[in-house]
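A.B. asks: Just the structure for this:
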Amino acid sequence: MKDALVIIPTYNERENIEAMVRKVMSLPHPFELLIIDDGSPDGTAAIVRQLQLEFPGRLHLETRQGKLGLGTAYIHGFKYALRNGYKFIFEMDADFSHNPEDLLRLYDACAKEGYDMAIGSRYVQGVNVVNWPMNRVLMSWFASWYVRLVTGMPIHDTTAGFKCYRRKVLETIQLDEIRFVGYAFQIEMKFLAYKYGFKIKEVPIIFTDRTKGVSKMSSGIFKEAVLGVIKMKLNSYFRHFDRY
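C.D. replies: Numbers count the residues shown, from 1 in each chain. Model prediction:
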């Protein structure tokens, strides 16, 4: 069985992708990297194809036609990881808001400490966010507080997108039934892992807002998260979870 796969969805990330690939490839642990590109018109996929010549067997590329959403990109990547036999599967952004060095800490939480899911958390030790305006920091913090209130999850950073899963988590969650496509996808995955009884650890990180490229955040994505959480909680009352 293969060890660790890092999944990074991309859309117009040509300014970041080469530096990100090289950084992940330079880490002392031999992570493999899967880029899922949604038909970026800026040529992101072409850059990755060129880099594949330099990192054969470790850098993988899946392309999709059109911008199909963050959640569907990760589901695509999860199925790829399960199909190809990886033990540990990671989610990470392409824009360096997540420090690639922290992959090692997330890996250790699962591979060495025995957790099933490790979350790179901005809020488990205060507020560790750099370069965000105060209104966005407050929106994100209160969103996580709201999600904890509604769902009962003992997780400080419920919207975090920097995570490591043990394979068994993704095998247990019914991936085809995941409904959210934006940032609420991150909430839904944590909620299901929590409901199934998996061991979850928040690993403190410093989140730094992107300095290159364009943010994909929108009011529609935020609305999906706020309204969708209530529906997700209500639906859970009518679903049976076999505790792991």
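A.B. asks: all strands for this structure, in order.
C.D. replies: 2-10, 32-37, 59-63, 86-91, 117-121, 129-130, 163-166, 200-204, 207-208 (DSSP state E).
A.B. asks: Report the buried residues of the third one.
C.D. replies: The neighbour-count criterion (16 or more other CB atoms under 10 Å) identifies 59, 60, 61, 62 as the buried residues of strand 59-63. Every residue, glycine included, has its C-beta placed from N, CA and C.
A.B. asks: CA atoms only for it, dumped as CSV, please.
C.D. replies: These are the backbone C-alpha positions of strand 59-63, laid out as CSV (Å, rounded to 0.1, in the frame of the first residue of the first chain):
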residue,chain,number,x,y,z
LEU,A,59,3.5,14.2,-9.1
HIS,A,60,0.1,13.3,-10.5
LEU,A,61,-2.5,15.4,-12.5
GLU,A,62,-6.2,15.0,-13.1
THR,A,63,-7.9,17.6,-15.2
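A.B. asks: Use 19 as the first number for this chain going forward.
C.D. replies: Got it, first residue is 19 now, which makes that one strand 77-81.
A.B. asks: Just checking: what are the partner strands of that strand?
C.D. replies: Strand 77-81 sits in its sheet next to strand 50-55 (parallel), going by DSSP bridges.
A.B. asks: State the number of residues packed around the residue nearest to residue 78 when sequence neighbours are not counted.
C.D. replies: Excluding the flanking residues, the one nearest residue 78 by CB to CB, 6 or more residues apart in numbering is residue 52, at 4.5 Å. Number of residues near residue 52 (other CB atoms under 10 Å) recorded here: 21.
A.B. asks: for residue 92, same thing?
C.D. replies: Residues lying near residue 92 (other CB under 10 Å) number 25.
A.B. asks: quick one, what contacts it?
C.D. replies: The contact partners of residue 92, by CB atoms under 8 Å, 6 or more residues apart in numbering, come to 25, 27, 54, 109, 203.
A.B. asks: Would you list the buried entries among those?
C.D. replies: Buried among the contacts of residue 92 (16+ other CB under 10 Å): 25, 27, 54, 109, 203.
A.B. asks: measure the first one to residue 188 for me?
C.D. replies: What it means is residue 25. Residue 25 sits 11 Å away from residue 188, going by CB to CB, to the nearest Å.
A.B. asks: do the same with the fourth one
C.D. replies: To residue 188, residue 109 is 11 Å away according to CB to CB.
A.B. asks: By pLDDT, give me the weakest of the buried ones among the contacts of residue 92.
C.D. replies: In terms of pLDDT, the weakest of the buried ones among the contacts of residue 92 is residue 203, which scores 90.
A.B. asks: Just to check, that one is in contact with residue 91?
C.D. replies: No. Counting by CB atoms under 8 Å, residue 203 does not reach residue 91; the two are 9.4 Å apart.
A.B. asks: What ranges does the chain have for its helices?
C.D. replies: Applying DSSP state H to the chain gives helices spanning 35-44, 62-70, 88-101, 121-129, 152-169, 185-190, 202-213, 237-254.
A.B. asks: quick revisit: which neighbours do residue 25 and residue 188 share?
C.D. replies: Residues within reach of residue 25 and of residue 188 at once, by CB under 8 Å, 6+ apart, are 96, 99, 107.
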